[in-house]
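Participant: Sharing a model that was predicted from the sequence below.
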Amino acid sequence: MVLGRSALSAYEALPDGQRHQVPDVPRVVERLEAGAEALRDRGETGERLTEAVAALEHLRLALFRLQSGVGSVPDLTLALERAKEIGDHVDRRLEAAREVEEAFPAH
């Protein structure tokens, strides 16, 4: 959650022109946060959770680099695309777990 808030703060601090080039950042951050929280709630602390947290961190760092003038919009776009892919993996993992629970309910 702290990573997400930090990433969103860095995003909001960007000039309007840069924010308009990567409008998906808030949605992707929120999606990764929700996915990471759902994984934690299920007790899944393995690879998918690690990937989700790492994606948030990479996105946050790309935002800070852009904000400081060291990074570029293409760098941020690359981190954003990777974060979306990881979000897709997490969503599929959670959906598969829900399907298994529905097919085999606990007594």
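Facilitator: Happy to help now that I have it.
Participant: Show me what the helix ranked longest in the chain is packed up against.
Facilitator: Criterion DSSP state H: the longest helix present in the chain is helix 73-103. In terms of contacts (3 or more C-beta pairs under 8 Å, 6 or more residues apart in numbering; DSSP states H and E), helix 73-103 is packed against helix 16-21, helix 25-41, helix 47-68. From N, CA and C alone the C-beta is placed, and that goes for glycine too.
Participant: got TSV for these, with mean neighbour count and distance to residue 89 too?
Facilitator: Conversion of these to TSV gives the following (neighbours: other C-beta atoms under 10 Å; distance: least, C-beta to C-beta, whole Å):
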stretch	mean neighbour count	distance to residue 89
helix 16-21	11	25
helix 25-41	19	9
helix 47-68	20	6
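Participant: Including mean pLDDT and distance to residue 102, could these go into CSV?
Facilitator: As requested, the helices and strands packed on helix 73-103 are exported to CSV (pLDDT from 0 to 100; distance: least, C-beta to C-beta, whole Å):
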stretch, mean pLDDT, distance to residue 102
helix 16-21, 96, 40
helix 25-41, 95, 16
helix 47-68, 94, 20
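Participant: Quick one: residues contacting the residue nearest to the spatial centre of the chain.
Facilitator: The residue lying closest to the centre of the chain (C-alpha atoms, centre = their mean) is residue 32, at 3.3 Å. Neighbouring residues of residue 32 by C-beta atoms under 8 Å, 6 or more residues apart in numbering: 4, 52, 55, 56, 59, 83, 86, 87, 90.
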